[in-house]
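Trainee: when you get a sec, could you give me coordinates for this:
(2 chains)
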Amino acid sequence: MNYPVWEVPFIGSQLVIAIIAIFHVLVSHFAVGGGFYLPMAEMLARKRGDRAWREVVKKHSKFFLVFTAVFGTITGVGIWFSIGLANPEATSTLIHYFVFGWAMEWVIFLIELTTIAVYYYTWDRIPDGLHIKVGWAYAIASWLTLVVINGILTFMLTPGDTWVGVVGSGKETHVFWNAFFNPTYWPSLVIRTLFCLCIAGCFALVTASRIDGDKQPQLKADIIRWSVRWLIPMFVLLPFAGAWYVWQVPAVQRHILELGFSTIGPGAFTIVTRMGLMFVLSFATLLAIVYLLAYRNPRDFKLGSAIVIILLMQAAIASTEMTREMLRKPFVIARHMFSNGVRLSQVAGYNAHGYLARSPWVAAADQRAWAALDAAGPAATNAPDYQAQMFIRGQLMFRGQCLACHTLDGYRSMRGFLAGRDHQGVGSILTMLHDYKADSLYHAFMPPLVGTPGEIAALNLYLDSLVAPPAAEKK
Amino acid sequence: MPDLKKIGTALYAWVNERLDLEPMLKHARAKTVPVHKHTFWYYWGGISLCLFVVQVVTGILLMIYYRPGPDAYASVREITYEVHFGWLIRSLHAWAANLMVAAIFVHMFSVFFMKAYQKPREFGWWTGLALLGLCMVFGFSGYLLPMDELSFFATKVGLSIPGVIPGAEPVIAALVRAGPEVNEFTVQRFFALHVVVLPLLFIPLLAFHLFLIQKHGNALPPSERLKPEAARKSIPFFPNFALKDLAVWLIVINVLALLAAFFPWQLGPQADLLKPAPIGIHPEWYFMSQFELLKVIGRVLTGVAGELAGIGLFTVGMVLWALIPFYDTETGGGRRARRATYFGLFVLLAMAALTIYGYFDLK
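Mentor: Numbering: from 1, shown residues only, chains lettered A, B, ... in the order given. Okay, the predicted model is just below:
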């Protein structure tokens, strides 16, 4: 517990990240896929000698520049800001162990931003051939940002045996490339590249829908039909790439996908299955919808239909990303750090010496008072400030170990989960989480509860107060 | 590689020789759908139909595990929390039911404001209203089937409302409830109604409604009727509109799946016949405006008189709504046409306001 806790009422800090990330993923993948779409479309226009087509590409590049550079950059910074607050331990770990990776990413990102600006502002100012080359430079830079970030994202799910073998030894950066090219790296890169191409095709339909079908029917039909073809690689290859990816995920993590096969019981982490199903359905139907709305009737294709396609695409991408994120549970970095920032290697130490023992957020006087209560044993309950001290201690335990994923009353509500349980009922859940036996219901998706018996008793009392608040709070 | 096109053509020729499909296809190709700024509303009938198909398929699957009678709650619990993907089928069924009623309401109001009830489409209007009525009975009967606390007490309250009509209570007790209180036999009767009686009424009526749409085609809204024929645009029903309709169906299925994924249909605590009704018991949203109307009138006119006045007012409103084709017959617009539109707006706003107010008025 080295960092302060970011408490976001009702929606929780994880949902803040998710909301920003869902939009960022769509925009950033469009930035990559669109990077290939623009020079290829421009090349085709040049080959056909079609000035009208070229004008549409130029118009599309303006939309592309504004949308990706502005919205993508803002949401990208938003992600950094929110993960730094919500998961500071994990963010710090990723920064420290991937210094070289981040350096590469930011250099390439600068090239990416520069080339897209040059590409847009040099329309009709430099020779067409050179302009297309600038477009290709942007495409390559843009794809390389994906190549780099993909290594860090996949590392969080499958860090690989080599990295896990040296973690904590101070030699983590020596095995940088092992961690980078981890087991899910290649299938993930293929899947993301397919997404990028698919999103590029879908967004091109937005621009194409604005062409007047009565005045330029052939142009509209040609561009729409050509853009729809960008979805085909994803439709054909995604089932294979998806199977490859799932195959590379460790069985223990893969098992999480099955949690919701037969139930929707609250607290059983079944949402991951539902998101997985949504991902399959939305991608399975996307191409058919695009074919029926756009390819079959290009002349009548309207902006409203294009927006529906984008929303569906967003649903597909969001469910995919949510499934992938949730597969990591109970870890934020698999086999190393739990989702509440507790490292696997710290569990025994926290259990022996206390979770709050060395926290910079606890006053020394409180530490002494709690130590005295622990030393007094059962007689401590007679102390005049016992309840007040235990409440503060329990609240800190709650903030440190629960708030990373739960809220009091909203998303993953603690009050909701604990409703109807008495002191013993809450206590038995805490014992189950603390013992962390392999056959426990929660073992698959909840981190272990760490701390001394005194700290766990304090948490128990604090959680009791959430289920049945003291009379003064009830009003 | 076999020539798939050749095989398809040969197969079609074989079927066509026996079933004579050509005239049907010729009719479908000749049929057109008007294209104008209100074309969007033409899709709502199809959306309702799509959701009905989902209802039929998921309903059949639910029947595999559902046990009406004393085991009703246990079987729904099993479906929701034990059977592989039982929760999915149940959630799809429940969400599709709600969306279907919503889609039919949208369809009804769009037909009303486009004045698609005028000659020669009166029967389309009446069959549509009858289908909506049957859908609401589908909803009411299906709501009780899990026999959880909310469904039990909501049904109890729902059945007590018509009971105030003189002479109605003994009939309801004997025919519907199977006793003085809602009980396991009520569930059995509601189940029979839900899966046998209502489909027997609904499907032929739906077929007749679809036949009427094929016969009369899509109605033009008043603003389009004023345009000269040459200025009107249209697209062939087959394949253009039909394929767009199919795309809309796929979108609807995605929306349905999203709702089932994010908000799966949970099961409340088991109904306890001896317990008092919990606070906040309310009917499904599509009965809320009627329920609230009764409550509001009951505050002015207390007792049975208030309930009878509420039922009477509601019945008069329904009759006027159904008979609108006889009142608004002027195809070219005019005072009666405007009044009919105002009446539609009033009904729409009153229903929306009473429904929203009903949820605030639950405490």
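Trainee: can you tell me which residues in chain A are near chain B?
Mentor: A:260-266, A:271, A:274-275, A:277-278, A:281-282, A:285, A:288-289, A:292-293, A:296-297, A:300, A:304, A:308, A:312, A:315, A:319 (Cβ under 8 Å from any Cβ of the partner chain). All C-beta atoms are positioned from the backbone trio N, CA, C, and that covers glycine.
Trainee: ranges for the helices of the stretch 201-350 of chain B?
Mentor: With helices called from DSSP state H, counting those that start in this stretch, the stretch 201-350 of chain B shows them at B:222-225, B:242-262, B:285-300, B:303-322, B:324-327, B:335-360.
Trainee: burial count for the closest residue to residue A:98 other than its chain neighbours?
Mentor: By the measure of Cβ to Cβ, 6 or more residues apart in numbering or on different chains, the closest residue to residue A:98 outside its immediate chain neighbours is residue A:152, 5.4 Å from it. Using other Cβ atoms under 10 Å in any protein chain shown, residue A:152 is surrounded by 17 other residues.
Trainee: I'd guessed residue A:152 sits against residue A:100; true?
Mentor: No. Applying Cβ atoms under 8 Å, one finds residue A:152 not in contact with residue A:100, separated by 10.8 Å.
Trainee: which SS state does the residue nearest to residue A:98 fall under?
Mentor: helix (DSSP: H, G, I helix; E, B strand; the rest coil).
Trainee: quick one: it and chain B, what's the gap?
Mentor: 28 Å (Cβ to the nearest Cβ, to the nearest Å).
Trainee: what distance separates stretch A:5-17 from the centre of its chain?
Mentor: 14 Å (Cα atoms, centre = their mean, to the nearest Å).
Trainee: repeat for stretch A:327-342
Mentor: 13 Å.
Trainee: gap between the two ends of it?
Mentor: 18 Å (Cα to Cα, to the nearest Å).
Trainee: average pLDDT across that stretch?
Mentor: The predicted model assigns stretch A:327-342 a mean pLDDT of 94.
Trainee: circling back to that earlier point, worst mean pLDDT among the helices of the stretch 201-350 of chain B?
Mentor: helix B:222-225 (a mean of 87).
Trainee: list the buried residues of it.
Mentor: B:222, B:224 (16 or more other Cβ atoms under 10 Å in any protein chain shown).
Trainee: which residues does it contact?
Mentor: Contact partners of helix B:222-225, identified using Cβ atoms under 8 Å, 6 or more residues apart in numbering or on different chains, comprise B:34, B:36, B:38, B:114-115, B:232, B:331-333, B:337.
Trainee: go again using 6 Å as the cut-off
Mentor: Helix B:222-225 has contacts (Cβ atoms under 6 Å, 6 or more residues apart in numbering or on different chains) with B:36, B:115, B:333.
Trainee: could you do stretch A:179-187 as well?
Mentor: Counting by Cβ under 6 Å, 6+ apart, residues outside stretch A:179-187 touching it are A:151, A:154-155, A:157-160, A:163, A:241, A:244-245, A:248.
Trainee: ok, which pair from the residues you listed is furthest apart?
Mentor: A:163 and A:241 (23.8 Å; Cβ to Cβ).
Trainee: between these two, tell me which one has more neighbours.
Mentor: residue A:163 (23 against 20).
Trainee: deepest of the helices of the stretch 201-350 of chain B, which one?
Mentor: helix B:242-262 (a mean of 20; mean count of other Cβ atoms under 10 Å in any protein chain shown).
Trainee: strands of the chain, residue ranges please.
Mentor: Because you didn't say which chain, this covers chain A. Taking DSSP state E as the test, the strands found in chain A are A:331-333, A:337-338.
Trainee: my bad, chain B
Mentor: B:32-35, B:233-236.
Trainee: isn't residue A:205 right next to residue A:305, touching?
Mentor: No. Counting by Cβ atoms under 6 Å, residue A:205 sits too far from residue A:305 to count as a contact (8.2 Å).
Trainee: state the pLDDT value of residue 164.
Mentor: Reading this off chain A. pLDDT, residue A:164: 95.
Trainee: try chain B instead
Mentor: 81.
Trainee: which residue sits closest to it in space, ignoring its chain neighbours?
Mentor: residue B:307 (4.4 Å).
Trainee: distance of that neighbour relative to chain A?
Mentor: 36 Å.
Trainee: go on, residue B:169?
Mentor: Taken as Cβ to the nearest Cβ, the span from residue B:169 to chain A is 38 Å.
Trainee: same deal with residue B:30?
Mentor: Following Cβ to the nearest Cβ, the distance that separates residue B:30 from chain A is 19 Å.
Trainee: returning to that earlier point: list buried residues within the residues of chain A next to chain B.
Mentor: Judged by 16+ other Cβ under 10 Å, buried ones among the residues of chain A next to chain B: A:260, A:262-265, A:271, A:274-275, A:277-278, A:281-282, A:285, A:289, A:292-293, A:296-297, A:300, A:308, A:312, A:315, A:319.
Trainee: which ones among these map onto helices?
Mentor: Here DSSP state H is the test, and these give A:271, A:274-275, A:277-278, A:281-282, A:285, A:289, A:308, A:312, A:315, A:319 as lying in helices.
Trainee: pLDDT and distance to residue A:464 for those residues - can I get that in CSV?
Mentor: Shown next, in CSV, are those (pLDDT from 0 to 100; distance: Cβ to Cβ, whole Å):
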residue, pLDDT, distance to residue A:464
A:271, 91, 27
A:274, 94, 32
A:275, 93, 33
A:277, 93, 37
A:278, 93, 37
A:281, 93, 42
A:282, 93, 42
A:285, 94, 48
A:289, 96, 51
A:308, 96, 49
A:312, 95, 45
A:315, 93, 40
A:319, 94, 37
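Trainee: tell me the one among those residues nearest to residue A:26.
Mentor: residue A:315 (10.4 Å).
Trainee: list the contacts of the closest one.
Mentor: residue A:282.
Trainee: and if we set it to 7 Å?
Mentor: When contacts are counted by Cβ atoms under 7 Å, 6 or more residues apart in numbering or on different chains, residue A:315 touches A:282, B:254, B:258.
Trainee: beta-bridge partners for residue A:333, please?
Mentor: residue A:337 (DSSP bridges).
Trainee: still on that earlier bit, to residue B:131, which of the strands of chain A lies closest?
Mentor: strand A:331-333 (52.4 Å).
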